[in-house]
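Trainee: Generate a structure from the sequence data that follows.
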Amino acid sequence: MSLPAWKSCAGICLLVVLCGVLAVLQYNWIGEVADAERSRLKDDLQSRLYQVRRSFDDQMQAACNRYIPPDADIDRLGRKQAYVDQYRRAIGTPEALIRREALAIPSGDDVDLLILDPKEYRFESAEWPADWSAMHARLGARLRGGPIPSGESATTTLVEIPRFGNSPGDQGRQREQEWLLLELDTDALKNTILPAVLAGNLGDAGRLDYDARVVLNGDPAVTLYRSGGGGAAPFVADATVGLLDVGGAGPRGDGRGRGRGRGPGPPPGERRDDKGGRGAGASSRGNPTDGAWLLSVHHRAGSLEALAATTRRKNLTISAGILLLILATAAMLLRASRETQRVAELQMNFVAGVSHELRTPLTVIRTAAFNLRRNLSANPEQVERYGELIQKESEKLGTLVEQVLRYGSAKAGSVIQQRQPVDVEAVIESSLRASRVRLAGMAFVIDKRIDPELPPILADEEALKHALQNLLDNAARHGAEGRWIGIFAAPAAGTPGPMVEIRIADRGPGIPADELSHIFDPFFRGRRALADQVHGTGLGLNLAKRIVEAHGGSIEVKSEPSQVKNEPAQGTEFIVRLPAGNPS
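Mentor: The predicted structure follows:
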């Protein structure tokens with residue numbers, strides 16, 4: 001291996017190692033980015049769920065507050081009438097989301113229930129409904145000051161809003177005067193309010209990006225709402241938040257209420273609204289999962305873990321592609337460098353070969369001319385012999401110059417000139433006459449078989465003759481051992497259109513298998529030609545290929561070199577196929 005080749009291989013190896021190190025670093029970095037992206041997606045989703053919770057509960061809070069009469073109306077009209085009049089005003093609004101309204105009024109250690117008749121617009125005494133029993137127990141425990149029962153209400157949309165005030169004998173301490181009980185319309189919440197809130201906070205361009213599921217908080221087996229279908233498929237939540245945390249109701253409520261009262265101030269832990277009145281509590285306080293309902297969401301494209309993993313795979317694929325592109329580019333540059341170096345070596349060999357080919361005939365011509373000038377060849381027979389020698393060497397020079405000029409024209413894109421109908425047999429005969437210098441005196445047997453029914457071909461006669469002459473000269477140089485050259489022409493079989501096939505064969509030693517793919521390369525000369533010092537420039541076969549292909553034809557070679565010493569070889573055969581036809 002030469003020093004430049006050694007350096008190139010070392011550079012490639014170093015590049016491969018560096019790319020491997022970069023790949024490891026990139027893999028670790030992409031993993032960190034994927035983890036950060038997963039955390040960001042989760043934080044963003046949780047933040048958006050907080051927005052859903054706030055928007056949903058604020059609407060519920062606003063709807064409940066519409067049913068709370070001002071304290072002045074209660075003082076002026078009385079408790080029942082004030083609540084009735086406020087109900088009349090609220091029930092006709094679009095935000096009327098109430099299914100039932102009632103008042104829970106302290107009576108000793110118990111709580112009496114008054115349910116509003118929506119048709120008669122009056123409160124009537126009633127027994128506590130079975131699904132309100134947990135609320136009844138909780139309110140009674142508050143009055144008695146005992147522990148709050150842990151039982152949960154079957155009606156999770158029941159909201160209690162207390163009104164505080166001073167009672168005789170309480171020594172200025174505010175107590176609940178009554179509780180406004182509002183049972184929200186579950187169907188309206190699930191079918192109207194919740195889808196709109198989800199679309200506004202989790203959607204994009206009117207399309208919901210997440211599947212959502214709402215269950216009872218504390219009883220996930222009870223599904224109240226589910227978007228995106230899914231049937232009975234397991235629902236893996238990406239994030240969860242509580243809903244319907246209004247007025248202190250719900251399974252996680254502490255039973256103390258979140259209303260507003262009159263007097264010096266609300267009980268500890270309560271706050272006033274912006275107008276100083278009483279109202280349903282805000283949902284932004286407490287645990288994020290507090291509420292009667294529990295909302296869970298799942299990205300429709302897969303879980304956030306799957307999305308992050310997909311992004312990671314994409315990044316890894318892109319990074320791997322870039323690294324492979326770098327390696328492929330380096331390999332291509334190395335190959336191009338090697339090819340350039342090989343072509344440069346071939347060109348140097350070509351220059352040396354051409355110099356030798358020029359020097360030999362010029363020396364012969366100069367010597368013959370010197371002898372003729374010095375009258376060393378007074379004998380007419382000697383003069384004729386010198387003249388014949390000068391003519392022969394001049395033809396060699398002419399052939400060499402024409403070869404080089406045609407190669408230059410081919411490189412410039414002018415391989416052939418004007419095309420016209422040409423008789424195949426006439427071109428072959430002309431090529432044989434042009435090769436007489438090479439074939440003369442070598443006792444070749446020319447085996448020529450030409451089909452008399454051959455159609456003409458559309459060709460540049462001079463260029464085609466030059467191509468066939470190069471093939472004949474090649475057969476004469478490298479097939480001299482066989483002393484036989486075969487020239488065959490016939491219609492080609494198995495071609496899509498009418499074509500003429502010309503085959504030129506010899507019985508020489510053949511071409512080694514590893515050289516077959518290079519014999520049409522410019523300046524290429526085989527090992528045997530170099531070892532036997534066979535004259536040539538390495539341009540003949542390349543020009544023949546260019547000329548044939550410029551005519552729309554093809555050329556191929558078949559060769560079976562001898563595998564055993566002194567065993568006869570099968571020789572080499574060049575097959576030229578040219579399209580037949582007349583000009584249109």
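Trainee: On the three-state scheme, residue 343 is what?
Mentor: helix (DSSP: H, G, I helix; E, B strand; the rest coil).
Trainee: For it, give its distance to residue 517.
Mentor: The spacing between residue 343 and residue 517, counted by C-beta to C-beta, to the nearest Å, is 15 Å. Where you see a C-beta, it was placed from the backbone N, CA and C, and this is true even at glycine.
Trainee: now do residue 77
Mentor: The span separating residue 77 from residue 517 equals 108 Å under the rule C-beta to C-beta.
Trainee: Between these two, which is the more surrounded one?
Mentor: Taking other C-beta atoms under 10 Å, residue 77 and residue 517 do not tie; residue 77 has more neighbours (15 against 9).
Trainee: Name the helix or strand for the residue nearest to the more buried one when sequence neighbours are not counted, please.
Mentor: In space, and not counting its chain neighbours, residue 77 is closest to residue 85: 6.7 Å by C-beta to C-beta, 6 or more residues apart in numbering. Assigning secondary structure by DSSP states H and E places residue 85 in helix 79-91.
Trainee: can you pull the contacts of residue 200?
Mentor: Listed by C-beta atoms under 8 Å, 6 or more residues apart in numbering, the contact partners of residue 200 are residue 55.
Trainee: Apply 10 Å and report the result again.
Mentor: Taking C-beta atoms under 10 Å, 6 or more residues apart in numbering as the definition of contact, the neighbours of residue 200 are 51, 52, 55.
Trainee: Without its sequence neighbours, what residue ends up closest to the second one?
Mentor: Read that as residue 52. Closest to residue 52 by C-beta to C-beta, 6+ apart is residue 201, at 4.8 Å.
Trainee: does that neighbour count as helix, strand or coil?
Mentor: Of the three states, residue 201 takes helix under three-state DSSP.
Trainee: any idea how far it is from residue 343?
Mentor: The value you get for residue 201 to residue 343, if C-beta to C-beta is used, is 68 Å.
Trainee: more crowded one of those two?
Mentor: Just comparing residue 201 and residue 343: by other C-beta under 10 Å the higher neighbour count belongs to residue 201, 19 against 15.
Trainee: Verify the contact between the more buried one and residue 55 for me.
Mentor: Yes: between residue 201 and residue 55 there is a contact under C-beta atoms under 10 Å: 6.6 Å.
Trainee: Show the model's pLDDT score for residue 566.
Mentor: As predicted, residue 566 sits at a pLDDT of 54.
Trainee: swap that for residue 576, sorry
Mentor: For residue 576, the pLDDT comes out at 92.
Trainee: that's a helix at it, yeah?
Mentor: No: per three-state DSSP, residue 576 lies outside any helix segment and is strand.
Trainee: now the helices for the chain?
Mentor: Secondary structure of the chain by DSSP state H: the helices cover 3-65, 71-77, 79-91, 133-144, 186-188, 194-202, 304-373, 380-411, 424-434, 436-439, 461-478, 527-531, 540-550.
Trainee: Averaged pLDDT, the second one. What do you get?
Mentor: Averaging pLDDT along helix 71-77 gives 89.
Trainee: got the CA positions of that helix in PDB?
Mentor: Only the C-alpha atoms of helix 71-77 are listed here, as PDB (Å, rounded to 0.1, in the frame of the first residue of the first chain):
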ATOM      1  CA  ASP A  71     -79.200  39.700  52.100                       C
ATOM      2  CA  ALA A  72     -81.300  42.800  51.900                       C
ATOM      3  CA  ASP A  73     -84.000  40.900  50.000                       C
ATOM      4  CA  ILE A  74     -84.100  38.300  52.700                       C
ATOM      5  CA  ASP A  75     -84.500  40.900  55.400                       C
ATOM      6  CA  ARG A  76     -87.100  42.700  53.400                       C
ATOM      7  CA  LEU A  77     -89.100  39.800  51.900                       C
END
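Trainee: Quick one: list the elements packing against it.
Mentor: The criterion is 3 or more C-beta pairs under 10 Å, 6 or more residues apart in numbering; DSSP states H and E, and the helices and strands that helix 71-77 contacts are helix 79-91, strand 158-166, strand 174-184.
Trainee: Over to the first one?
Mentor: For helix 3-65, the contact count by 3+ C-beta pairs under 10 Å, 6+ apart identifies helix 79-91, strand 158-166, strand 174-184, helix 194-202, strand 210-216, strand 239-243, strand 293-299, helix 304-373 as packing neighbours.
Trainee: what angle do that helix and strand 239-243 make?
Mentor: Direction vectors for helix 3-65 and strand 239-243, defined by axes from the mean of the first three to the mean of the last three C-alpha atoms, to 10 degrees, enclose an angle of 10 degrees.
Trainee: got the angle for helix 3-65 vs strand 210-216?
Mentor: 40 degrees.
Trainee: what's the answer for the longest one, then?
Mentor: Between helix 304-373 and strand 210-216, the angle formed by their directions is 160 degrees, by the same axes, to 10 degrees.
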